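Chemist: give me the fold of what follows.
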Amino acid sequence: MSGVRGLYERFRLLIHEGAKFGMIGAIGVVVYNLVNGLLHFKLHTGPLTAATVAVIVTTITCYVANRYWSFRHRERTTVPRETAMFFALNGVGLLIQWAAVGFTYYGLGETGKVANLIANNIGIVLGTLFRFWSYRKWVWAAPRPAPQGHEVLEPALASAQNRPAQQADLTPTTGDEAG
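Modeler: You can find the predicted model right below:
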């Protein structure tokens, strides 16, 4: 049992962020499919235009939810920088999705609702894998580790506890260090 607990502890942050990101993503998929279906099949816009507008609506929704829930404990820069990075990386995710939709619609000639839904959702899955990785790497930096023996629960506490200029080095010494 300690092996499972050790694995959980090692990947705890990834598990929690992934679960929250996944929940927001599931909501995003519903929003995306509703907007895309409305635009493409009811208002007769092209498949790539419908996908683009649906991605923009979904991106705005998911940015707010991810910033203030999934990744709220991570380091912050400025909202304009985070927003620009988020949208740029979503643009790459959109290109991945376009590839799936475009290949199905134009390459295979499959223009029906089921083919469109499948292609969009395959593109969403592939784009989502890229987005999760890229958000963690470039939009919101990894949280600073808490000092040993301290569990940081709030971002404000993390910020206050990790200011090296205001804290003395509290690393315990054993007297064995060569110096």
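Chemist: pretty sure Phe103 sits against Ile118.
Modeler: No: using Cβ atoms under 8 Å as the test, Phe103 is too far from Ile118 to be in contact (11.6 Å). For the C-beta atoms, the positions are set from N, CA and C on the backbone; glycine is no exception.
Chemist: what about the most centrally placed residue in the chain, distance to Leu34?
Modeler: In the chain, the C-alpha closest to the average C-alpha coordinate belongs to Phe132, at a distance of 3.8 Å (Cα atoms, centre = their mean). Separation of Phe132 from Leu34 (Cβ to Cβ, to the nearest Å): 22 Å.
Chemist: helices or strands up against the lengthiest helix in the chain?
Modeler: Longest helix in the chain, counting residues (DSSP state H): helix 2-37. If you count contacts as 3 or more Cβ pairs under 8 Å, 6 or more residues apart in numbering; DSSP states H and E, helix 2-37 packs onto helix 47-65, helix 113-134.
Chemist: immediately after the first one, which helix or strand?
Modeler: Towards the C-terminus, the helix or strand next in line after helix 47-65, according to DSSP states H and E, is helix 79-102.
Chemist: and that next one, C-alpha only, in PDB?
Modeler: Output in PDB follows, covering the C-alpha atoms of helix 79-102 (Å, rounded to 0.1, in the frame of the first residue of the first chain):
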ATOM      1  CA  VAL A  79      -3.200  38.800 -16.800                       C
ATOM      2  CA  PRO A  80      -2.300  40.200 -20.300                       C
ATOM      3  CA  ARG A  81       0.700  37.900 -20.600                       C
ATOM      4  CA  GLU A  82      -1.200  34.900 -19.400                       C
ATOM      5  CA  THR A  83      -4.200  35.700 -21.700                       C
ATOM      6  CA  ALA A  84      -2.000  36.200 -24.700                       C
ATOM      7  CA  MET A  85      -0.100  32.900 -24.100                       C
ATOM      8  CA  PHE A  86      -3.300  31.000 -23.400                       C
ATOM      9  CA  PHE A  87      -4.900  32.300 -26.600                       C
ATOM     10  CA  ALA A  88      -1.700  31.600 -28.600                       C
ATOM     11  CA  LEU A  89      -1.500  28.100 -27.400                       C
ATOM     12  CA  ASN A  90      -5.200  27.600 -28.000                       C
ATOM     13  CA  GLY A  91      -4.500  28.700 -31.500                       C
ATOM     14  CA  VAL A  92      -2.100  25.800 -31.900                       C
ATOM     15  CA  GLY A  93      -4.700  23.600 -30.400                       C
ATOM     16  CA  LEU A  94      -7.200  24.900 -33.000                       C
ATOM     17  CA  LEU A  95      -4.700  24.100 -35.800                       C
ATOM     18  CA  ILE A  96      -4.600  20.500 -34.500                       C
ATOM     19  CA  GLN A  97      -8.400  20.400 -34.500                       C
ATOM     20  CA  TRP A  98      -8.600  22.000 -38.000                       C
ATOM     21  CA  ALA A  99      -6.300  19.200 -39.200                       C
ATOM     22  CA  ALA A 100      -8.800  16.600 -38.000                       C
ATOM     23  CA  VAL A 101     -11.900  18.400 -39.200                       C
ATOM     24  CA  GLY A 102     -10.400  19.500 -42.500                       C
END
